[in-house]
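Visitor: Would you be able to build a 3D model of this:
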Amino acid sequence: MKRKKKKIWARIVPLSKVKRDWDILFWQSQKPQVRFLATWSLVIDSYRLKGKKINANTFRLQRSVENIKQAQS
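Guide: Just a heads-up that it's a prediction; the model follows:
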């Protein structure tokens, strides 16, 4: 089985010279699935750091509308 080569990105810069260009280039080079999974991982980590419990209903879409009827004219 042939292994796929993995691209590794790294940079070391003084904090005073940090710009967003490198970060933008890095994330734009990633596939949408990779960006989505990274974002989702941050959402989960955020909830855990705040001490919130995660269950099956935590990330469900809110359903604030129960019923819609067309007005009769």
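Visitor: And for the lengthiest helix in the chain, what's in contact with it?
Guide: For the chain, the longest helix by residue count, based on DSSP state H, is helix 32-49. Contact with helix 32-49 is made by W27, Q30, I54, T58, F59, as judged by Cβ atoms under 8 Å, 6 or more residues apart in numbering. Any C-beta I mention is one placed from the backbone N, CA and C, and that applies to glycine too.
Visitor: hmm, try it at 7 Å
Guide: W27, I54 (Cβ atoms under 7 Å, 6 or more residues apart in numbering).
Visitor: starting at the chain centroid, how far to it?
Guide: 4 Å (Cα atoms, centre = their mean, to the nearest Å).
Visitor: what's the least confident helix or strand in the chain, going by average pLDDT?
Guide: None of the helices or strands of the chain scores lower by mean pLDDT, DSSP states H and E than helix 21-28, at a mean of 88.
Visitor: do you know how far the closest residue to R11 other than its chain neighbours is from W9?
Guide: The spatial neighbour of R11 that comes closest, neighbours along the chain excluded (Cβ to Cβ, 6 or more residues apart in numbering), is W22 at 5.8 Å. To W9, W22 is 8 Å away according to Cβ to Cβ, to the nearest Å.
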